[in-house]
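K.L.:
Attaching a predicted model along with its sequence, questions to come.
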Amino acid sequence: MSTHTTQTLDTDKLDELVAEADTGKRAPVGRIALGLLFILPLLWSLFQLWIGSPLPSQFGFGFLNDTQSRALHLAFAVSLAFLAFPAFSRSPTQHIPVMDYVLAAIGAFCASYLFLFNDELAMRPGLPTTMDVVVAGIGLLLTLEAARRSLGPPLMIVAIIFLLYVFFGDASWLPEVLRWKGASFEKAMTHMWLTTEGVFGIALGVSSGFVFLFVLFGALLNQAGAGNYFIQVAFALLGHMRGGPAKAAVLSSAMTGLISGSSIANVVTTGTFTIPLMKKVGFSPEKAGAVEVSSSVNGVIMPPVMGAVAFLMVEYVGIPYIEVVKHAFLPATISYIALLYIVHLEALKADMRGLPRATPAKPWQVQLLRTGIITSSMLILAGSLYYLVLGIKWVLGDLSYLGLLALVVFGYVGLLFLSAKSSDLDMGNSDHEIQKLPVFADIYRSGLYYLVPLVVLIWFLMVERKSPGLSAFWASLLMAFILVSQKPLKAWFRRQGSVSAAFTEGGWDLLEGLVTGARNMIGIGVATATAGIIVGTVTLTGVGQVMAEFVELISGGVLIIMLLMVALISLVLGMGLPTTANYIVVSSLMASVVVELGAQSGLIVPLIAIHMFVFYFGIMADVTPPVGLASFAAAAVSGGDPIKTGFTAFYYSMRTALLPFLFIFNTDLLLIDVTWWQAIVVFFVALAAMLIFAAGTQGYFFARSKWWESALLILVALTLFRPGFWLDQIQAPYTHYQGTELVEYLESHPEQQTVRLAVEGESLDGRWIEKTVDLPLSDDEMANDRLFNGAGLEFRVEDDKVYIDNLAFGSVAEQMKLDFDWEITGFDVENQRPAKEWFFLPAFAIVLWIMRRQKRRNPKVA
């Protein structure tokens, strides 16, 4: 068999792997089936663009409320799941069985039931008819089957277990701690299907309102050729370095991660090009695959999309989207830089070289000066663009949108004109002998216009502070225009080919992008709906409180053991669930548990830190054997052993597994309550810590490390990440006072802005709660006034004890879930201590000492 045939078969197998995981394995040849699998996704994309646009509200036509749009969103997802995904591995893929047509139609009807009968259902809330209950039951079963087809059995099995708990939660054979009163079929179906507490809850709303448009934007950007452009740019920049192809794989995966929410698609898209080149410069098949897996999975933690989880966090944590991006940016960035460093250390250990340069290397001084000039030019350009937009708004006023539109079009056409002077990029064949790398100056011009829609998206999100859905709508609309116009404009600029033929080709590119974007959403739409069953079970049965008691019992109230349990639960669930569903399930069950038990331990953990913790361990499951699907995809490309690839990738990803624990104990890493200059310091210190941690775990720094050198490096890294640990051993962070001293202290310390109260009492459901909360204080003179006007809490002194007497509605104290008649047992006051950053000095001194020792052992280190 020829090499070409083998490569074609391999490519077909990889395409099938991606289709099986993302877009659907079925590829029918019949006209009706082909038409349905083209027209339905196209209609879905057009529908989502319509409801995401400002047009319905302006024209007063086609406006849907959240419940109606969620219903139609799920109708498209469920019907396409039955049409695009075969029932079993042996089911036909070249035609659609009649039964699947029937199931798709019934599933679409049941899902759109809340849209079709919205007014009738609104007239009889809580009073379902027999038809309502029957439709809900059938819809629930078909949603579970759609999840099995598109996502595999695990999510369906987890959802069924939760459903069984709804119906049989009062069974005598269940442990008493798990029992609840149970629910009738009518009550369960009403809760799960006819309200927004279950399937049609927040998760499906996020999928319909935000996620679809971002996935569509990524699909259109990739259809235009941006993914290929990012890979080529990465190779032109980094391919000449030690282990260059591996570093290029990391950078290209970081860039494609901006437009893709699928780690498997990332692996196959970039891996088919990068993995063979990594093997050429000396990486083993398993290590080459592991680098690609680690970098592709990291793409899911990179803002702005974060595998759709960013938008779910907005709803679950209750903070603006811009805040989620801010909290996620630093950990994702340092994780990627650390992976680049790990690749560099692997290349040093094996004495690898990079790919041959196209031009002779410039002295490092020249390269540094060139980098500085380029960076400064980009910053000046960004600043100029910012003030130009402000100027257009000031001059044109209400008509400024015309000026901004002209600016975007002019910028796009101008950059496209520059790109037309360069040849179109060709991915080429990574299996042939590379004579030289492409020149960066030739590469970067060829796709500069891809930056225009990205700039528009970031501008709307970060500067205009528009909603994620509206921002993605305008960016997607611009991408649609680019797809249609780029080829005819290039043909016109180059005076080559027929402009009309190029226009037709561009139109087909747009249609294919719209179809691909919708098919990429099938799994996410079904996953969010199925995860809604689990969330609905939590709200209906109160099993979340049971989980809290269970975790507290097993962990013995020790916070680190509790965090390890949550990490393990996230990993186990993530082995079979997609990232989005895993995040929904684990955050619904565990986030409040960690916050509550942390407060009992005296550690006040921000909710966003817990959600980031759960999210990070959920995506680690894509790496972890034996299920890690991304590792299997990479092994299919590299020819290596998938299990060994998975373990190597997990070893490389240890830095990602370390970060979530650091979120909990050092929230500076999430840029919580830090100034801009503190953020700069945190970035550089955290980056240094992560690189030192990578060197310690890799056993190589400037030479092969002795075991005690590696141990010292890891200790230094942990010190840099959490310097307060050592300071706490020397001096306690707080001085504890009895509750009876509260009045005297608050009235004699008017400068105090906050107070840290320890409270305990019985909750409404009969549980005994002990927790610590931070409350703001006002500038009043009397203690009770300071607490009430600052935090909405009023207390009383009774029998030498202090009790909560009143809580203002909507106040900070009420939001902290305090309750009447709870006792204030004490309060903590922060001690005046030296800055924890003093511990950086001995830490860096140890690093410098180890560097000197290793340089003496290896004077030729690169």
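P.N.:
Perfect, I can see it now.

K.L.:
what about Tyr616, distance to Asp673?
P.N.:
Note on Tyr616: its distance to Asp673, by Cβ to Cβ, to the nearest Å, is 21 Å. (Each C-beta comes from the backbone N, C-alpha and C, glycine too.)

K.L.:
I meant Leu381, not that one.
P.N.:
Between Leu381 and Asp673 the computed distance is 32 Å (Cβ to Cβ).

K.L.:
Okay, domains of the protein per the record?
P.N.:
16-204, 734-830 (automatic domain parsing).

K.L.:
do you know which of these lies nearest Ile664?
P.N.:
Judged by Cβ to Cβ, the one of those that comes nearest to Ile664 is domain 734-830, at 14.9 Å.

K.L.:
next one: the closest one to chain centre, how far?
P.N.:
Chain-centre distance of domain 734-830: 37 Å, with Cα atoms, centre = their mean, to the nearest Å.

K.L.:
Between its first and last residues, what's the separation in that domain?
P.N.:
4 Å (Cα to Cα, to the nearest Å).

K.L.:
Equivalent analysis for stretch 663-683, please.
P.N.:
Taking Cα to Cα, the first and last residues of stretch 663-683 lie 14 Å apart.

K.L.:
Pull the number of nearby residues for Phe109.
P.N.:
Residues near Phe109, counting by other Cβ atoms under 10 Å, number 17.

K.L.:
Let me see the mean pLDDT of the helix or strand it falls within.
P.N.:
For Phe109, the element it lies in under DSSP states H and E is helix 98-111. Here helix 98-111 scores 96 as its mean pLDDT.

K.L.:
Using PDB, list the CA coordinates for that helix.
P.N.:
Backbone C-alpha positions of helix 98-111 (Å, rounded to 0.1, in the frame of the first residue of the first chain) are rendered in PDB as follows:
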ATOM      1  CA  VAL A  98     -36.800   5.000   9.800                       C
ATOM      2  CA  MET A  99     -36.900   4.500  13.600                       C
ATOM      3  CA  ASP A 100     -34.300   7.300  14.000                       C
ATOM      4  CA  TYR A 101     -36.500   9.700  11.900                       C
ATOM      5  CA  VAL A 102     -39.400   8.800  14.200                       C
ATOM      6  CA  LEU A 103     -37.400   9.300  17.400                       C
ATOM      7  CA  ALA A 104     -36.000  12.600  16.100                       C
ATOM      8  CA  ALA A 105     -39.500  13.900  15.300                       C
ATOM      9  CA  ILE A 106     -40.900  12.900  18.700                       C
ATOM     10  CA  GLY A 107     -37.900  14.200  20.500                       C
ATOM     11  CA  ALA A 108     -38.200  17.600  18.700                       C
ATOM     12  CA  PHE A 109     -41.900  17.800  19.600                       C
ATOM     13  CA  CYS A 110     -41.400  17.000  23.300                       C
ATOM     14  CA  ALA A 111     -38.500  19.400  23.600                       C
END
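
K.L.:
Have a look at this structure and report its longest helix.
P.N.:
What stands out as the longest helix in the chain, according to DSSP state H, is helix 364-396.

K.L.:
among the helices and strands of this structure, which has the poorest mean pLDDT?
P.N.:
helix 3-18 (a mean of 48; mean pLDDT, DSSP states H and E).

K.L.:
ok so, going back, neighbour count winner among Tyr616 and Asp673?
P.N.:
Neighbour count, other Cβ under 10 Å: between Tyr616 and Asp673, Tyr616 has more, with 26 against 9.

K.L.:
Let me know the helix or strand that Val735 is in.
P.N.:
In this structure residue 735 is Thr, not Val. Using DSSP H and E, Thr735 sits within strand 734-738.

K.L.:
show me the residues around Tyr113 that make contact.
P.N.:
Tyr113 makes contact with Ala71, Asp132, Val135, Ala136, Gly139, Trp193, according to Cβ atoms under 8 Å, 6 or more residues apart in numbering.

K.L.:
ok, 7 Å please
P.N.:
Listed by Cβ atoms under 7 Å, 6 or more residues apart in numbering, the contact set of Tyr113 reads Ala71, Val135, Gly139.

K.L.:
what do you get for Arg370?
P.N.:
Applying Cβ under 7 Å, 6+ apart, we find Arg370 in contact with no residue.

K.L.:
Quick check, pLDDT for it.
P.N.:
The confidence metric pLDDT takes the value 76 at Arg370.

K.L.:
Centroid-nearest residue for the chain?
P.N.:
Met306 (2.5 Å; Cα atoms, centre = their mean).

K.L.:
Give me the pLDDT for that one.
P.N.:
Residue-level confidence at Met306 comes out at 74, pLDDT.

K.L.:
taking the domains of the chain together, which one is wrapped up most tightly?
P.N.:
domain 16-204 (a mean of 18; mean count of other Cβ atoms under 10 Å).

K.L.:
quick one: it to chain centroid distance?
P.N.:
Centre to centre, stretch against its chain (Cα atoms, centre = their mean), the figure for domain 16-204 is 24 Å.
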